[in-house]
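1. Build me a model from this:
(2 chains)
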Protein chains: 2
Amino acid sequence: MLDNTWFVEKSYFEKFAMAWKVRKKLHSEQSKFQKIEVLQTESVGKLLLLDGKTMVSEIDEFVYHEVMAHIPYMVARKCEKVLIIGGGDGGVVREFVKHKDIKQIDLVEIDERVIEVSKEFFPECTQGLDDPRVNILAEDGIAFIKSKTNEYDVIIIDSTDPEDFASGLFTSEFYKNVSNALTEEGIMMNQTENPFLDEWGVGKIYKNMRAQFPHVQSFTAPMLIYPGVFWTFGFSSKKYQGTQLNPDKIRHMQSLERSLKWYNTEWHKGAFALSNFHKKKIGL
Amino acid sequence: MLDNTWFVEKSYFEKFAMAWKVRKKLHSEQSKFQKIEVLQTESVGKLLLLDGKTMVSEIDEFVYHEVMAHIPYMVARKCEKVLIIGGGDGGVVREFVKHKDIKQIDLVEIDERVIEVSKEFFPECTQGLDDPRVNILAEDGIAFIKSKTNEYDVIIIDSTDPEDFASGLFTSEFYKNVSNALTEEGIMMNQTENPFLDEWGVGKIYKNMRAQFPHVQSFTAPMLIYPGVFWTFGFSSKKYQGTQLNPDKIRHMQSLERSLKWYNTEWHKGAFALSNFHKKKIGL
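-> Now for the predicted structure:
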């Protein structure tokens, strides 16, 4: 029913699938860590795959990248030093560099080939990587975080699904190390999967987060290319609620918002009002 | 890549697809209007198809049905007489009958076979159809609405995509007739498609709504089985904003909410705070 002109991603234990009509395969390589492919699709522009899973598309990448960066930025009272674990496509960095008060952005991506391939095929995403405040470190984020204490104002876990080398990014032990690496007012953001096709156990992820952070919240934003689309994200903080926007930043954001494709502060506040279904799935 | 044990729904001009692993085909018939099928799937329980398009699944039907009924109910100051056009599965009726102050619910479904098939395979959805306040009319909603003036407090357009016999449910002329059929404080609700895979022209639908209603708003809720999942819904009123909850009903809803799977008033208010993307797509 779908011939070989389609890329098919099966998920939910091979019981659900999403598929994209492909015009051309632009790139394919096996890196030290994973298979990296870039497809030219008919529906979502260029599409980055890691080990056969959709990661980034031109049509919807702005959603994930804007919410991951601007939500914690708008809550944090001080946001000078940021760490991104994963996120080799550069999209989250691109959003953070829009804020002039950020002094340092460390991007720890285990697979430097993801960065290089993104630079070639997704230059819209990687445009922030040349900013002088950005340090790119081709290291394992799980090991990196262990050596850090009270250092980052915001840490973003921009990960793949909880399997293979990314599975360690969803454990209580990892979240403890993130908490230690954060300052007293620090904020952790992470992607926490689709709750309908609950292949990975959303409830367990949030339980692990709550074991290490006093404030753990969730919100959703759509990721058209991810299985099930309705995507949950975690907001964890030692001090703040996700809806406590820093009043000193409102004017700056109102100006920036006009050029953003997804984020605005009204949406930000509304996104944390959860459905009964969402609350139940994360154990509230 | 997907064999004949999968049901595949192509959309977006055959460039995108979603697919469901099928355990068994439970039913198939050609009614006077369309092909009606019921599949037993591995991922979303029983799945109703009309002309090969996903309509209702056991796993996520509560989202659509709860938001379509409880949002207008909570805004309307008077909600005694309700009209549902389409919605032969009965899910929206099931939610409305939970409110004792509603006196009459007219369900105008063009294809009575949809109702009968739903009764057989989706009894969870149709359980409200036996309520004495419910009148089931096997008629064309477009013709039905023309004969009504100042009659309904809430009208729900529970339609398929804007094609074939449903295309007339998205025109400015139809919305004018709906407006005429509504009371002075009346509210119209409708499903308005996915804005990423914008196959049907979301902007045009909202333009048509705005041509007939002074207050037109939009919100989103996920429909896992619909193409692109991220689903927009329209709220149109002669008098009220979608976030103006009727204070007299808050206590009643707080009690009812405990048994609902999706809706709560906090989510209701937050859902109307739109992303920049959503605003742009609907022409704001």
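2. Can you list the residue ranges for helices in the stretch 51-200 of chain A?
-> With DSSP state H, counting those that start in this stretch as the criterion, the stretch 51-200 of chain A has helices at A:61-75, A:91-96, A:112-121, A:123-126, A:141-146, A:172-181.
3. Minimum distance to chain B: which of those helices has it?
-> When those are ranked by distance to chain B, counting by CB to the nearest CB, first place goes to helix A:61-75 at 7.4 Å. No exception for glycine: its C-beta is placed from N, CA and C like everyone else's.
4. Does that closest one reach chain B?
-> Yes. Applying CB under 8 Å from any CB of the partner chain, one finds helix A:61-75 touching chain B at A:F62, A:V63.
5. for that helix, the distance to its chain's centre please.
-> In terms of CA atoms, centre = their mean, to the nearest Å, the centre of helix A:61-75 is set 9 Å apart from its chain centre.
6. next one: stretch A:100-113
-> Between the centre of stretch A:100-113 and the centre of its chain there are 13 Å (CA atoms, centre = their mean).
7. Only the buried residues of it, if you could.
-> Within stretch A:100-113, the residues scored as buried using 16 or more other CB atoms under 10 Å in any protein chain shown are A:I102, A:I105, A:D106, A:L107, A:V108, A:E109, A:I110, A:D111, A:E112, A:R113.
8. try stretch A:86-102
-> So for stretch A:86-102, counting by 16+ other CB under 10 Å, buried means A:86-99, A:102.
9. so how far is it from its chain's centroid?
-> In terms of CA atoms, centre = their mean, the centre of stretch A:86-102 is set 11 Å apart from its chain centre.
10. for that stretch, what is the average pLDDT?
-> Averaged across stretch A:86-102, pLDDT comes to 98.
11. ditto for stretch A:40-48
-> 97.
12. now stretch A:205-218
-> Averaged across stretch A:205-218, the pLDDT comes to 98.
13. Ends of it, what's the gap?
-> Start and end residues of stretch A:205-218 are separated by 11 Å (CA to CA, to the nearest Å).
14. List the contacts of it.
-> Contacts with stretch A:205-218, where a contact means CB atoms under 8 Å, 6 or more residues apart in numbering or on different chains, come from A:162, A:170-172, A:175-176, A:178-179, A:188, A:190, A:192-193, A:232-242, A:272, A:274, A:278, A:282-283.
15. Which positions in that stretch come out as buried?
-> Within stretch A:205-218, the residues scored as buried using 16+ other CB under 10 Å are A:I205, A:Y206, A:N208, A:M209, A:R210, A:Q212, A:F213, A:H215, A:V216, A:Q217, A:S218.
16. what's the answer for stretch A:43-51, then?
-> For stretch A:43-51, a neighbour-count test (16+ other CB under 10 Å) marks A:S43, A:V44, A:G45, A:K46, A:L47, A:L48, A:L49, A:L50 as buried.
17. for chain B, what are the nearby residues on the stretch 151-284 of chain A?
-> Counting by CB under 8 Å from any CB, the residues of the stretch 151-284 of chain A near chain B are A:196-197, A:220-222, A:224, A:228-230, A:257, A:260-264, A:266-267, A:269-277.
18. Just say helix, strand or coil for the closest residue in space to A:V67 that isn't next to it in sequence.
-> Excluding its sequence neighbours, the residue lying closest to A:V67 (CB to CB, 6 or more residues apart in numbering or on different chains) is A:A221, at 4.9 Å. Secondary structure, DSSP: H, G, I helix; E, B strand; the rest coil: A:A221 is strand.
19. how close does A:A221 sit to B:A17?
-> For A:A221, the distance to B:A17 equals 23 Å [CB to CB, to the nearest Å].
20. just A:F62 next, same as before
-> Using CB to CB, we find A:F62 at a distance of 23 Å from B:A17.
21. ditto for A:R251
-> For A:R251 relative to B:A17 (CB to CB), the value is 45 Å.
22. So for the two, which sits in the more crowded spot?
-> When A:R251 and B:A17 are compared for neighbours, B:A17 comes out ahead with 23 against 9, by other CB atoms under 10 Å in any protein chain shown.
23. Would you mind listing the residues in contact with the residue lying closest to the more buried one once chain neighbours are set aside?
-> In this structure, B:A17 finds its nearest non-sequential neighbour in A:A19, 4.1 Å apart by CB to CB, 6+ apart. Residues near A:A19 by CB under 8 Å, 6+ apart: A:L2, A:W6, A:F7, A:V8, A:E9, B:L2, B:V8, B:F16, B:A17, B:M18, B:A19.
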